[in-house]
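A.B. asks: heads up, no residue letters with this:
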């Protein structure tokens, strides 16, 4: 009986280690993509960037003065919010619609809400 319990513990530990390694690899992959996007955007002014997760997968969005660059899953989720007419309420009671082509703050809020988890947000000087 003790041997069976030990096997279960070893199996669980092995799975946890494998999952941890896979998670780290996915995180490093997302970081690498983010660095490549940042390097390619040196010619253009970055308005903001967001790194997050959707269904445990890393996602990235960057708004530059020449347009929006996002991972496919983040784009799909954000487009859904826009098509549903999602809105963000301001402190004064007014609201702003979810958008992928409107004011930078609206685009940022849309991408944040589209993520299951927002991990990092970098703002450029003209975001707010």
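C.D. replies: Now that the structure is in, tell me what you want to look at. A quick note: this is a predicted structure, and the numbers were derived from the prediction, not measured.
A.B. asks: neighbours around residue 83, how many?
C.D. replies: 9 (other Cβ atoms under 10 Å). Backbone N, C-alpha and C define where each C-beta goes, glycine included.
A.B. asks: from residue 73, how far off is the residue most central in space within the chain?
C.D. replies: Nearest to the mean C-alpha position of the chain, by Cα atoms, centre = their mean, lies residue 52 at 2.5 Å. Residue 52 is 10 Å from residue 73, where distance means Cβ to Cβ, to the nearest Å.
A.B. asks: list residues touching both of the two?
C.D. replies: Here residue 52 and residue 73 share the contacting residues residue 59, scored by Cβ atoms under 8 Å, 6 or more residues apart in numbering.
A.B. asks: which strands and helices sit next to whichever helix or strand residue 78 is part of?
C.D. replies: Assigned by DSSP states H and E, residue 78 belongs to helix 72-83. If contacts are counted by 3 or more Cβ pairs under 8 Å, 6 or more residues apart in numbering; DSSP states H and E, helix 72-83 sits against strand 46-54, strand 57-64, helix 104-114.
A.B. asks: tell me where the model's unsure across this structure.
C.D. replies: 1-14, 16-17, 21, 31-44, 126-128 (pLDDT under 70).
A.B. asks: which residues sit in contact with residue 117?
C.D. replies: Residue 117 makes contacts with 52, 53, as judged by Cβ under 8 Å, 6+ apart.
A.B. asks: what are the phi and psi values at it?
C.D. replies: Per-residue torsions, residue 117: phi -150, psi 120 (degrees, to the nearest 10).
A.B. asks: now it: how far from residue 74?
C.D. replies: For residue 117, the distance to residue 74 - Cβ to Cβ - is 12 Å.
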